[in-house]
Each structure stands twice: as structure tokens, then as C-alpha cells.
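J.: what's the 3D shape of this:
(2 chains)
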Number of protein chains: 2
Amino acid sequence: MGKRASKKDFRVTFLPFDISIKVPGGTKIAEVAKKADLPLPFPCGGEGTCGECAVRIIKGTHKAKPTATLSMERLSNGYVLACQTEITDDLTIVLPYFQELEIKSFLDMEFFESNRGSISGMCEHGPALVLTELHVPLPTLEDNYSDLRRLEWAYRKKTGVKNISCPLSILSKLAQVLRSQGGRAQVVTLHDLDDAAILDVLPSSKDKKIYGLACDIGTSTVALHLVDLGTGEIACTASSLNQQIKCGDDIISRINYSQKLGHLQELQKLVVHTINNLIDRAIQKTGISHKDIYWGSFSGNTTMSHLLLQLDPHYIREEPYVPTFNDLPLFPAKEIGLSMNPEARIYVAPSVGSYVGGDIAAGILCTPILRNSEEISLFIDAGTNGELVIGNKEWLMTCACSAGPAFEGGGIKCGMPASEGAIETIQLDKRGHARYRVIGESQPKGLCGSGLVDLLAELFIHGFIDRHGKFKSGKNPDRIVESENGTAFLVEQASKTYWGRDICITERDIANLIRTKGAVYSAFSLLLKNIGLGHEKIDSIYIAGGFGQHLDVENAIRIGLLPDLNRDRFHYIGNSSLLGAYLALVCDRNRELIQNTVKKMTYIELNTEPSYMNEFTGSLFLPHTNMDLFPSVNKFLSESRKDISNND
Amino acid sequence: MGKRASKKDFRVTFLPFDISIKVPGGTKIAEVAKKADLPLPFPCGGEGTCGECAVRIIKGTHKAKPTATLSMERLSNGYVLACQTEITDDLTIVLPYFQELEIKSFLDMEFFESNRGSISGMCEHGPALVLTELHVPLPTLEDNYSDLRRLEWAYRKKTGVKNISCPLSILSKLAQVLRSQGGRAQVVTLHDLDDAAILDVLPSSKDKKIYGLACDIGTSTVALHLVDLGTGEIACTASSLNQQIKCGDDIISRINYSQKLGHLQELQKLVVHTINNLIDRAIQKTGISHKDIYWGSFSGNTTMSHLLLQLDPHYIREEPYVPTFNDLPLFPAKEIGLSMNPEARIYVAPSVGSYVGGDIAAGILCTPILRNSEEISLFIDAGTNGELVIGNKEWLMTCACSAGPAFEGGGIKCGMPASEGAIETIQLDKRGHARYRVIGESQPKGLCGSGLVDLLAELFIHGFIDRHGKFKSGKNPDRIVESENGTAFLVEQASKTYWGRDICITERDIANLIRTKGAVYSAFSLLLKNIGLGHEKIDSIYIAGGFGQHLDVENAIRIGLLPDLNRDRFHYIGNSSLLGAYLALVCDRNRELIQNTVKKMTYIELNTEPSYMNEFTGSLFLPHTNMDLFPSVNKFLSESRKDISNND
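T.: Numbering: from 1, shown residues only, chains lettered A, B, ... in the order given. Sure thing, here's the model as predicted:
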């Protein structure tokens, strides 16, 4: 029909997106991905030399040029280079970047275990979801009330719960189950205040376990714990990039994307798909069944919560910045298509405002902030969005800023999330040669947040860049290279890296990092000004975010991300949103605590604060325009300069 | 492929069942219907002379023999005789018997209007579903709480309701609606105790009306009122046969049918289909939209309620006769596929036991029984199942019997529901010639319940049948004819009937009617014995059921269906189940009343009552073995016999 006979069409399906596209035979996978609007990295320009566009073919035959960039193991597992492989069949292709990435920054549980006694969240075991063993005597002519009523009586007698509800789906098996073992049965119920919702009724079994999900939906990454609710133990942890990344790096670009026809639906599908992939991965590792997961505690920023529920986030970004909901009642997981038990219920942590979401409300539980009545604490969550909370038991103030994804590896040439192959700590010697530690101890692929903080600080204190973040001319010129993105500092040369290409940082990257740290610091300054407090009044600072395991506080102060206070006041706590969601899952009283905390918080809208721009501009220096704010950094710089001139 | 080329296959789809079947060209519709297991009447044996197998073809061409039994109007509307029409195309065929029948026994509203002051149900207007006009001020930077929270505040301020819930589906349009008219909006909410569930949020509109359904799901017939909930007025009434009839006439046969694979699903689909057809019909007549129907109050016997929810009714018919539920929380209409607003909620009136269902619980509200503290009332619902309730404000006893569908026209050769063409009252002269009144004043098609009661009484008092229900030999032999079903009494000759065939009643029909009335009466006797009360202690008797508009109480006593008490104690109230459902719909306090009434009722299980068989056997006479129980009938018979012998 006008098509050339030689060019047969084939269907290519990309996972995890489930996007299908028809293309003529002979097309390269790289071109198909571009056509389908799917992000694949081609640092070598499609020459087949960097290996970064590796994809995995799980169905269909293909024609690939030989490549040395993929190990035998990877080749035998179906990996090919997208830029070197032609379509000759219907194919199903996995994009490993989205499917396989495992974030390695679960500091939360470590922090939790060593701070159980002091954090605001309650740490005893008491989930809303319980499995109860019941004996419901078989009916007789004298006691021939309905199965449901007899079940309710037995449950009420055992637990004292007043109001019991039961969904239609359970009614349909009630008669069978209550007769299968002489009336011995197990009920799975979700308790909410005085009410119990029956989610399942099962024949009695010694081995039955019930599970819940704690899930942090970040703009860049999504992480979850699959939790045995009988013990509170984490059966499995999984994380990956949020598949929505293909629609924009930060909140504002997602909101913009959502405004076109069908895009809101797509964004929701992508995040649900991301979560379902993580559930599947946890299920595969543990052998647990989807149908045994009855309860989910989710936290995310306000936009993420809205997109999860397919709610138009339009008004979040328009003055006066109003979300559709702050609080949400529990809702059935099936309503949004999550792969859990059909009757599973989902709790979404409430938002304080359009830019301070449930991730912050839940995160505060991981700090002692609500326990202190005199001391003042500051909580900073430096994710793609930066949020700050200051206060104590008596009062809480909060604000947010648009930090950008730089500290999670987004928007930085050699940036990456804190996953295998990421440089997480780095030191430079005075000639600019790097010593670093890589997650997983492999060859480095790039730098995660904590590595970037270190690198920026080291470049600054060794004088490779000035206070504006510009390279100083003539300073160790062998480390300064010309990259396709402009002048760059060479961190590691191609031969020693995983992808076989230079790891370097450009001036543009540095500007990006400075903007990010500046956004957080200026929000902090403004918050203090609003309250009328000086820096020194802050007794403790709790830092959350996806930097990695080893954020160096000294370096974070040196670049002006954190205020120059006594180092022992700082505590880096990792992913507090996930830990907060976990706390709400395993101890239901934490849900109430979160709800009450949100009500107590005063939200300051920086978007309309006229002095924010001034503060921000002042923060676009290393560490800051006003060096008086960073006395210890000032002192260190003076001393090291003396040192340098002495050595010269 | 082994098929003869001349016999092309065609697809025939039968409505309202939506059953499709493939058959070779040339097959008669009658054969196809038989193959599809669909009931069609062929009284003339498929000769094309009775016209009773008329079906309506709404799609496809066909080849029909000419027939005189169908009017020009019907022919032009696509009606053909199933026994005379061959398949020559893919066809869509409507079975009018199921689709078009309109039951004419809505005495309930008439009764209701004239007894508002005395019945147990509350008659003021106060539905659970309300439409509230709200002003939700547009957000500002000072008041930038979420849309949901501002809506909740505005609603709480206006109504004082404490707990407000909102489904996800409404959240998705909340932002738009609350901004479309400067914050003027209407909310549709369902109030349940202290809680309000938001079912819809709409831009403010003067003309908006909200509707509810009151629906009686009978074993034989389904009837509904579409009600304007702003006024309580009935916008439209519709009724039809329960499509489940194709799977069995009574409860027990439906339960048996449900036990085969897939049949439970089929039964549910059939009743939902029946209801949806009625809704569609009401929608067509009134121009109301499906999406404006937000609330449903349903009543039916326990088996019907179970089948509506696709719950296995198996244990209802097995000792100790236990249903899956008595009470049911409100549930979304979409869960069972009803054509209403997606967020509409359904209330199902609670069952007392396996054989005393929500139809009875709701029906009691239509009698003064709960208002009397001294007087004792009896409530009899003689549907396909017969249920009795006796008592007053202080105590209530109830039991049920399997009466069979005879009084609703089922299982009787010339029986039919109380719809157009049914003889509803009939008198015989001494030679057996009939004077009768036909619903719709057309030529008669058959007899409905009240006509059958009359006929049986008249045959008995005129001596055409003896006390066993057998024809007396030699008595006016011109009225006794031989039919294909055995000896019969000719009610009307073929030339004067709608279908052009004799309307007659056979000995088998009479035996069937006697069994039915005997089942009701013996249940009544046994109930009284259990309580230790004599007949005369009953002050009022309220009779419900699908007999028709004009049940003759005198005749009902003469055949021994009702006890021989002062005639002014009897009240025929029509479809009390439907009226009860209506009362619960328009005044929510009636729902509470129903719930409390059910709790108060003592249920006696006749299935296991050893003396029931004796009582039943004694009732298989006209009017009864023990004539002392029917003194007025005895007296009348003696006198009329004297009269007859005097005249002879």
C-alpha cells in the first residue's frame, strides 16, 4: 500500500513505560527511542564507544554490531547498545536506566535504629492493619443469624471495636470461609479510630503473614519498604527513578507537562508504574504475594500526591498556590491501579501547603523536633524541592524553595543518583588529583549529591574556582579540559571510569550547584528573618535528602549550603520521608501525630516574598556574598591561603 | 469447512438478555430461543394461530409467513411470530414478555396518600441525599488552604455536619468547579448519622434536581419509582418481570440454578439488567439524566438481595438457613453495575432471616403496626414467597412460607401478572358464565392474582368444584372443556380473547392455587399457635402482594386464604415493599426505623417446625378441613345451597 516491500514494519515496546511504536525494519533502537520521546543517554554521540545507551532486549531477535563496551555477562543477558542495534523483529526492550537503578541512600533505617529513643515518631509496634484469629461458631437453628453478623459479633467480642464494615468483595466468600474449618478463621482488618474495616477473611492458617508498603514518592526517585506488619520488620527495600522524569526534571516542569491533553493520565500511569515495578521487584526477591499486601503509607510532596491521584496540579503553581487537598481519607489501592490486594487501603500523608507536602509532614517524625520544648531545631529536606521546618513542640514554621534536582544527580553532566558506581565522597590534592570512594566499589560512573558537595568545596578551597564558581585561569591547567559542554574540571580520566569516558564538571554544572545550594540557604535565611531569630539560636539541624550515605557537613558549610554553626549541631538523616511513612505504617499513632503536626505548622509562601530574590542573589557566591555569615569558612580560607603562599 | 454452503451461519441476539447465539440460516426464531434456553410461550404449538410468541425484531432482515394474529401497528413496529419466522440475517430480537410488561398494581401510593397519618413510617420530607448551595470564597494568599478543606469548611459552617468525606472521582474536578462561578457551587451529599459523604460538586445552577430510586426486587416482578428528592414527588414509575424468571419461578429454583458454574453471575446480571431497563424506561419518559440519580433504596427478599450482590444463596436453603448478611452498609451503585451516577449509593433494606427479607422490613412501615401499643395487627405479604408478621409496638413475630408464584400469575396456565389485559375481578352466574373486568379494558389475555382468587371462590360457591378443588361431574357441562392440560373450566371462549384462544382454568391450576393459599394460611395458623393467640385477637390485617388493584377480601376468605374475621379488619395495601423503600428514600428516619424494627422481630423457622406439614395438609381444602375456622363461609354455603335447592 505504498510501502516499500523491503521495509517491513515492526512493533517495538519499551519497558517499564509500556510504550509501543511501529517502525520500519532496519531502524536503530536509538532512533526508535527518540521517536517515542524516551530519554536515553548518548554521550559518545552514538559511536558505540561509551556503552551508556545499553538496553536489554527481552523478546525478539535483532541485529547488533559487536561492541567491547558490554561485558560477556551483560551480553548474555540480552544487553545491546541502542545506537548499534537494528530492528529486524517485533521487540520488547527494557530501559535499564529506569528499570534497574537501585538507590543506595537508605540511611533512614540506620538513623532510626540508633535514635529510636529520641525521635518525635513513636517507635512501638502498633499498625492499623491487624490479623486476628477468630472462632465464629457454626450456625444452628437457635443461632441462625447471618454469617456477617456472627462474624461481627465474634470480632467485637474479641476486640471491643464498635463499628465494623465489610466490603462486598469479601461477602462473596464469607459463607465458604466460615464453614471451611468449623468456624476458625482469620480476619484482616484496618483500624481507624473506633472503626474496623474488614479487608479480608481467610481460613485459619498458622503461616499467614500480612504486609504493608511504606513508600516515598520523590520527584526524582521513588523508594519503598515492604514491611511484615506482624513484626514491623522490613522484608525488602526497593527504589528507582520516578518514571515521570521523562516528562520533566522538577515539579514545575511536571505541572507544565500535565496541562496538555492526556498528559495528566500519563503522569499518573508513570508513577503508578514506577511503584508497581518496585512492588514486583520486592515480590520477586521475597516470594511474598501481591494479595498479602493490604496497607500502604505514602508520602510525597504536594505535586507528587496530586499526580498519584490524577488530580490536576495546575493551581499549585498559580498564585495563591492552592492544592486540591491537604488531607485525604484512606482510599482503596485498586482505585489508582496499585498491585496490591484488591481491598488494600492507602494513606497519603497530608500536605501543609502547595510546596510543603506529606514528605515533610512525615519526615519531621524522624527528628526530635516535636519533643523539644525549649530547644529550637531546623529540619531541611534538600530534595528536588527544598523544604525547611523550624521550631519545637510549641510552634513550627515552614517554607519551601525550588532547589532543583542537582543534589540528586539531575541536570549535572556527570551527576547521578546515589546508586552503584556513584562517587559519594571525594578529596582533591593541591594539584587537583582526586581520591574518591565509589558506591559498590566499582569503577566510577559519575557523582551523586554528597560527591558533588565535596567536589564543589574542594574546588573552592583549593582555589580551582573563585567565589563565583568560575575556573581560575592558570591554576593546574592539566586538570582543566575542554568538554563538549565547555570548560571543565577533570575528575577522572576515561580509562579509569566505568563508561570509559572522562568524568568532569563544567562551569555550567557548578553554576547549577550554586543555584541549588543558594535556593536552600536563602530560604533558610528568610525563614529566620520572618521569625526574627539569629542563626545561632538554632540548637540542632536535621538534614534529609538523597545526597547519599555520606554527606560531609563541613563541605556543605564551606559551599554555603548549610549555615556556619557548630558541627555537632548537624545530623544527616537520609530519606526521612520514607522513614516517616514507615513509622506511620508500623505504629498507627504516628498517623495521628502527622495529622496534628500539619495543623500546627505555619506555612510561609516564599513565592510572594519580595525579599526572596535579594536573599537568593546574595547566596549565589561561595559560600555567600556576606562572608560574615561564614566565619569558620573565612578563617579556614585565610589560613589555607597563607599556607599556600608559604608553600609557594 | 464441512458446512453446507447453502446454510450460512447468523448471529441472533436476544434482548433484554443480551444473549447471542449462532445458528444456520433458515432456522426459526422459536427454535433459536429454545436453543438459547429462553422462555417463549407457544400455546398453539407453533401453528402461528395464537400470536403469543410475538417478538420484536429491531435489527436485521428476516423471512416471516403472513399472520392475522398481529395488528398492523405491531407489524409495522417489527413484531413477528417466533414460530413463523426464519433467520436470514444477523438479528437483534426483543422478547416483549420481559421487556415491555408494565405491572398495574401500584396501589401503594394510593394507600399511602390516604393513610399518611396512621402508618408506621414517617411521612415528612427528609431524604438522606441533599443538594446544598454553597459559597466557597476563592482562595487568597492569606487563605490558601486546599480546595477540599475550604469546601469542607463552607459545608460544615452551613450544615453543622462533623465528618465529611469526598471520593477521589470528585476531587479531580474540584479545582475547576470551585473557580467556575466565583466559588458558588452546589454539593450533593448523602447524610448518614453524623457523617456526610460528598457525592458530587457542581457549578451552581437554579435548575439542578437530584433524584433517587425506590426499588422493590420481587422474585417475579421488579418495580421502581424514580423520585425527585427535592420534593419527594414520584417522577416516574416502572415495572417489569424479573428477568431471572428464565432461570426459575421461585426462590428455591433460583438458588438451585445459582449452584452451577457461572450461573450466580448470570442471575446477578439478569436482575441488574432488569433494573437498568426500568431506569432507562423512566429516563426516556422523563428526560432525566442517569447521572442525576444519586441514591437508591432497595428492598427484596433475602435471596433477591443476595443475588443482587452476586452472593451465593446456597446456605439460605440448607439447614440452619443462614444468609450471608442481614444488614449491609451503603455501597456504591457502580460496584454492581447499576445505571446511575457513578458515585450513587445504594441502601438495601435488612433481612430478618433467610426467608423474611428487606421487603418485609420495609413493608411493615406501610402499616400502622408499629404505632399500636394494645391492638394486635397481622401483616401478610403474599408474593412468590409468603411472609407474615404479627404484633404491635411492643413485640413482633414473623415467619415465612413458600407460597409459589400462583397469585402473581406464575405456574397457572392462563395466569399472568397484573398488567394490561389481565382479568382482575370476575363473577360467575349460576350457569358458569363470567362477567369480568380487564386491566386496560382490552380483550382479556388471562387472569392476575385477584382474578384467580375471585374465580376460585366463584367456582367453589357455585358448586363447580368441590372442597378438594375437583370439578363436579354433571354440573353445567357446557363450561367444562378438555384442554391440552386436562379437564378445564372455560372462563372465556377464544373468539372473545386477545390471543384468540380459550381462557380456562384446569384442575392442576386449581390444585396449584389451593397449595398456595394453603401455604399462607397454615403459616398464619402456626404463627398464632406459637404465640398462643386465637384468630379473633387480631384487630387488623394488612395484606400486601401483587394480586392486582382489587383483591376481594370476601372471596379471599371463602377460599381460605385469609382467616374468617370481620371484613372491616382487612386492608389491602398493594406493593408495600416498594412503598417502604420509597419511605426510606424520601425520609431518612425511616431507614433507622426499619433497622430497629428488624432487630425487634422474632423469626420462627417453619422449615423445621414439625407440625407445619399437618397444618398445611389441613389447609388443602376449600376453605379448610376444619370448617369451624370459617363460620361465615360455612353459613353462606349452607344458605346458598338451600337457595339452590329451593330454586331447583
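J.: wait, doesn't A:Leu562 sit right on A:Arg569?
T.: No. Taking CB atoms under 8 Å as the definition, A:Leu562 is not a contact partner of A:Arg569, at 9.9 Å. (Glycine included, C-beta is placed from N, CA and C.)
J.: okay, and the common contacts of the two?
T.: Common neighbours of A:Leu562 and A:Arg569 (criterion: CB atoms under 8 Å, 6 or more residues apart in numbering or on different chains): A:Ile541.
J.: those two: who's more crowded?
T.: Neighbours were counted for A:Leu562 and for A:Arg569 using other CB atoms under 10 Å in any protein chain shown; A:Leu562 has more, 29 against 17.
J.: quick one: that one from A:His462, how far?
T.: Distance, A:Leu562 to A:His462, using CB to CB, to the nearest Å: 20 Å.
J.: again, but for A:Val32
T.: 45 Å.
J.: also A:Ala584?
T.: 45 Å.
J.: got the buried residues for stretch A:582-589?
T.: A:582-588 (16 or more other CB atoms under 10 Å in any protein chain shown).
J.: that one - what's its average pLDDT?
T.: Average pLDDT, stretch A:582-589: 96.
J.: and the contacts of it?
T.: Applying CB under 8 Å, 6+ apart, the set of residues contacting stretch A:582-589 is A:108, A:112, A:121-128, A:191, A:212-214, A:225, A:227, A:229, A:232, A:234, A:295-297, A:299, A:347, A:349, A:362, A:365-366, A:590-591, A:594.
J.: likewise for stretch A:76-86?
T.: Contacts to stretch A:76-86, defined as CB under 8 Å, 6+ apart, come from residues A:25-30, A:33, A:40, A:42, A:44, A:46-48, A:51, A:53-58, A:62-65, A:67, A:69-70, A:96.
J.: tell me how far that stretch lies from the chain's centre.
T.: Computed by CA atoms, centre = their mean, to the nearest Å, the chain-centroid distance of stretch A:76-86 equals 29 Å.
J.: any chance of TSV for the buried residues of stretch A:582-589, columns secondary structure?
T.: Formatted as TSV, the buried residues of stretch A:582-589 follow (DSSP: H, G, I helix; E, B strand; the rest coil):
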residue	secondary structure
A:Tyr582	helix
A:Leu583	helix
A:Ala584	helix
A:Leu585	helix
A:Val586	helix
A:Cys587	strand
A:Asp588	coil
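J.: for A:Lys529, grab the count of nearby residues.
T.: Count around A:Lys529 with other CB under 10 Å applied: 13.
J.: run through the residues of the stretch 151-300 of chain A sitting next to chain B.
T.: A:165-166, A:168, A:171-172, A:174-176, A:179 (CB under 8 Å from any CB of the partner chain).
J.: before we move on, the earlier item: sort out for me which of the contacts of stretch A:582-589 are in helices.
T.: Using DSSP state H, A:108, A:112, A:362, A:590-591, A:594 are the members of those that sit in helices.
J.: A:Asp502 versus the residue nearest to A:Lys496 when sequence neighbours are not counted, what's the distance?
T.: Using CB to CB, 6 or more residues apart in numbering or on different chains and skipping residues adjacent in sequence, the residue nearest A:Lys496 is A:Gln443, 6.5 Å away. Separation of A:Gln443 from A:Asp502 (CB to CB): 13 Å.
J.: which one's more surrounded, those two?
T.: More neighbours surround A:Asp502 than the other of A:Gln443 and A:Asp502, with 18 against 15 (other CB under 10 Å).
J.: shouldn't the more buried one be in contact with A:Glu492?
T.: Yes. Counting by CB under 8 Å, A:Asp502 touches A:Glu492, with 7.1 Å between them.
J.: I'd like to know which of the residues of the stretch 151-300 of chain A next to chain B are buried.
T.: For those, a burial check counting by 16+ other CB under 10 Å picks out A:165-166, A:168, A:171-172, A:174-175, A:179.
J.: now do the buried residues in stretch A:68-78.
T.: A:69-70.
J.: now do the end-to-end distance for that stretch.
T.: The first and last residues of stretch A:68-78 sit 15 Å apart, counting by CA to CA, to the nearest Å.
J.: how near is the closest residue to A:Thr140 other than its chain neighbours to B:Asp143?
T.: Excluding the flanking residues, the one nearest A:Thr140 by CB to CB, 6+ apart is B:Pro320, at 5.4 Å. Counting by CB to CB, the gap from B:Pro320 to B:Asp143 is 60 Å.
J.: settle it for me: which of those two has more neighbours?
T.: Taking other CB under 10 Å, B:Pro320 and B:Asp143 do not tie; B:Pro320 has more neighbours (17 against 12).
J.: if we can go back for a sec, which of the residues of the stretch 151-300 of chain A next to chain B lies closest to A:Thr608?
T.: A:Thr608 lies nearest to A:Ser165 out of these, by CB to CB, at 43.9 Å.
J.: and that closest one, what are its bridge partners?
T.: With DSSP bridges as the criterion, A:Ser165 is bridged to A:Ala197.
J.: quick revisit: drop anything exposed from the ones in helices among the contacts of stretch A:582-589.
T.: Buried members of the ones in helices among the contacts of stretch A:582-589, scored by 16+ other CB under 10 Å, are A:108, A:112, A:362, A:590-591, A:594.
J.: save these as TSV, and put in distance to chain B too.
T.: Output for those, formatted as TSV (distance: CB to the nearest CB, whole Å):
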residue	distance to chain B
A:Asp108	28
A:Phe112	30
A:Ala362	18
A:Asn590	22
A:Arg591	16
A:Ile594	16
